[in-house]
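In: model the following, please.
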Amino acid sequence: MFNNLTHITFANKWVLYLIPVVLVFAGLWWYFLSKKNFPSLKLSATNAFAGMTNPFKATLKKFLPVLRVAALIFLLVALARPQTSYDEEKVTTEGIDIVLAVDVSTSMLAKDFSPNRVEAAKKEALNFIEGRPHDRIGLVVFAGESFTQCPVTIDHAIVKNQLKQIKTGLMEDGTAIGMGIATAVQRLKELPSKSKVIILMTDGVNNKGLVDPMTASDIALQFKTRVYTIGIGTNGKAMTPVAMTPSGELIFDYADVQIDEALLKDIAKKTGGQYFRATDNKKLHDIYSQIDKLEKTKIEVSAFEHKTEKFFPFALIAGVLVLLEVLFRYLIVKSIP
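Out: Numbering: from 1, shown residues only. As a prediction, this is how the structure comes out:
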């Protein structure tokens, strides 16, 4: 990235202080020269010299010292080595590849979060994505099975749009934690990044799926993927869907909150992640903030200053002025022998 600040500096700035000295000496020389008495010759008549005077030559002769002083000033500027410079700032980011694995089982509609667990999880995930501009992020949803809602991408607008569309009832009900982890690892394993992370949010106990959660953890470890697990649910009982009417309307009642914390802790520990328990909206927000601090994107900033020498035009002008003085003095303005 470039700063659009182009300016002129001088490598030998001290040389510029000689310019006023030159001007002072030139002024003094001019002053004393004007006061000097030159030898004179009195003639009875000047008819013999009629037509020999040339006002242009006389004026030009007085101007010759100005050319010499100007040439000297330009030479001093050239010796001061004027330079143009600009700053270049190179920013290198090493982003993290992250997959958000979200439980969309029916129990995620429990109302111990506002308005419910799944909507609270979506809200905090959206805020998390907003704060990770340099990371590639993907989305996996799971219940009794799992699938990729959004592949890992740097286009966060797509990820956020897909996240907003998450809802329960997308697949067979249940909680297949192992399948959620395995699908997330599948999305990450081929990516070349050095840092890979899964953030898994669930509110239950593993009871479905073809892949055992600890087996899935072994796979994550094999591909150097850290898994942060978040248990979502209050302590005690929560207003949870317990049945469904023939018309498809959910019936809510208070039920015990059952989260396999021991399993989630083991998954996090094995893969180098960390387990968190969110019992309300604020704690869920704080958990995402903590994960955001734990997983920092590596940003390197290198600053360079480029300089270009600009002394040549000044040296060229000085040379031209000297040449003009020589030409004028010896070819145009000539003293009488």
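
In: tell me where the stretch 201-337 of the chain has helices.
Out: 213-222, 261-271, 281-294, 311-327 (DSSP state H, counting those that start in this stretch).

In: mind checking which of these is nearest R81?
Out: Distance to R81, taken as CB to CB, is lowest for helix 311-327 among the helices of the stretch 201-337 of the chain, at 5.3 Å. Heads up, the C-betas are built off the backbone N, CA and C, glycines and all.

In: elements contacting the closest one?
Out: Packed against helix 311-327 by the contact rule (3 or more CB pairs under 8 Å, 6 or more residues apart in numbering; DSSP states H and E) you find helix 55-79.

In: give me every residue that touches the residue nearest to L188 when sequence neighbours are not counted.
Out: Excluding the flanking residues, the one nearest L188 by CB to CB, 6 or more residues apart in numbering is K196, at 4.6 Å. Contacts for K196 (CB atoms under 8 Å, 6 or more residues apart in numbering) come out as I96, D97, I98, L188, F223, K224, T225, R226.

In: buried among those residues? Need that as a selection in ChimeraX.
Out: With 16 or more other CB atoms under 10 Å as the criterion, this ChimeraX line picks the buried residues out of the contacts of K196:
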select :96,97,98,188,225,226
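
In: would you list the phi and psi of the residue nearest to L188?
Out: phi -130, psi 140 (degrees, to the nearest 10).

In: report the beta-bridge partner residues of it.
Out: D97, T225 (DSSP bridges).

In: quick one: low-confidence parts of this protein?
Out: Residue ranges of the chain with pLDDT under 70: 1-7, 33-62, 86-94, 297-305, 333-337.

In: please redo it, this time with the cut-off set to 80
Out: Low-confidence segments of the chain, defined by pLDDT under 80: 1-8, 26-27, 29-65, 67, 85-95, 296-307, 325, 328-337.

In: re the thing from before, for the residue nearest to L188, give its distance to V205.
Out: Distance, K196 to V205, using CB to CB, to the nearest Å: 26 Å.

In: repeat that for F142.
Out: 14 Å.

In: so these two - more neighbours on which side?
Out: F142 (30 against 14; other CB atoms under 10 Å).

In: pretty sure the more buried one contacts A182?
Out: No: F142 lies out of contact with A182 (CB atoms under 8 Å); the separation is 9.5 Å.

In: residues touching E309, list them.
Out: By CB under 8 Å, 6+ apart, the residues touching E309 are R81, P82, Q83.

In: would you indicate which residues of stretch 144-161 are buried?
Out: Within stretch 144-161, the residues that qualify as buried are E145, S146, T148, Q149, C150, P151, V152, H156, V159, K160, counting by 16+ other CB under 10 Å.

In: please enumerate residues in contact with that stretch?
Out: If you take CB under 8 Å, 6+ apart as the criterion, stretch 144-161 is touched by 95, 97-99, 101, 105, 126, 129-130, 132-133, 135-141, 162-163, 165-166, 171-176, 179-180, 182-183, 186-188, 191, 208-209.

In: before we move on, the earlier item: mind putting the contacts of E309 in JSON lines, neighbour count and distance to F276 included?
Out: JSON lines is the format used below for the contacts of E309 (neighbours: other CB atoms under 10 Å; distance: CB to CB, whole Å):
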{"residue": "R81", "neighbour count": "17", "distance to F276": "61"}
{"residue": "P82", "neighbour count": "21", "distance to F276": "61"}
{"residue": "Q83", "neighbour count": "16", "distance to F276": "56"}
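
In: now render those residues as a markdown table, adding secondary structure.
Out: Output for the contacts of E309, formatted as a markdown table (DSSP: H, G, I helix; E, B strand; the rest coil):
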| residue | secondary structure |
| --- | --- |
| R81 | coil |
| P82 | strand |
| Q83 | strand |
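
In: tell me the one among the residues you listed nearest to L16.
Out: Closest to L16, out of all of the contacts of E309 and judged by CB to CB, is P82, at 9.6 Å.

In: beta partners for the closest one?
Out: F10.

In: wait, isn't it in contact with F314?
Out: Yes: with contact defined as CB under 8 Å, P82 reaches F314; the gap is 6.9 Å.

In: what segments of the stretch 51-200 of the chain are helices?
Out: Using DSSP H, counting those that start in this stretch, helices in the stretch 51-200 of the chain cover 55-79, 117-130, 156-164, 177-188.

In: deepest-packed of the ones you listed, please.
Out: helix 177-188 (a mean of 25; mean count of other CB atoms under 10 Å).

In: what helices and strands are in contact with that helix?
Out: Using 3+ CB pairs under 8 Å, 6+ apart, the elements in contact with helix 177-188 are strand 97-103, strand 136-142, strand 146-153, strand 196-202, helix 213-222, strand 225-232, helix 261-271.

In: the third one pairs with which strands?
Out: Strands flanking strand 146-153 in the sheet, each with its direction: strand 136-142 (antiparallel) (DSSP bridges).

In: follow-up on the earlier one: distance to W30 and mean neighbour count added to the helices of the stretch 201-337 of the chain, as CSV?
Out: Output for the helices of the stretch 201-337 of the chain, formatted as CSV (distance: least, CB to CB, whole Å; neighbours: other CB atoms under 10 Å):
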stretch, distance to W30, mean neighbour count
helix 213-222, 88, 19
helix 261-271, 87, 18
helix 281-294, 73, 16
helix 311-327, 15, 15
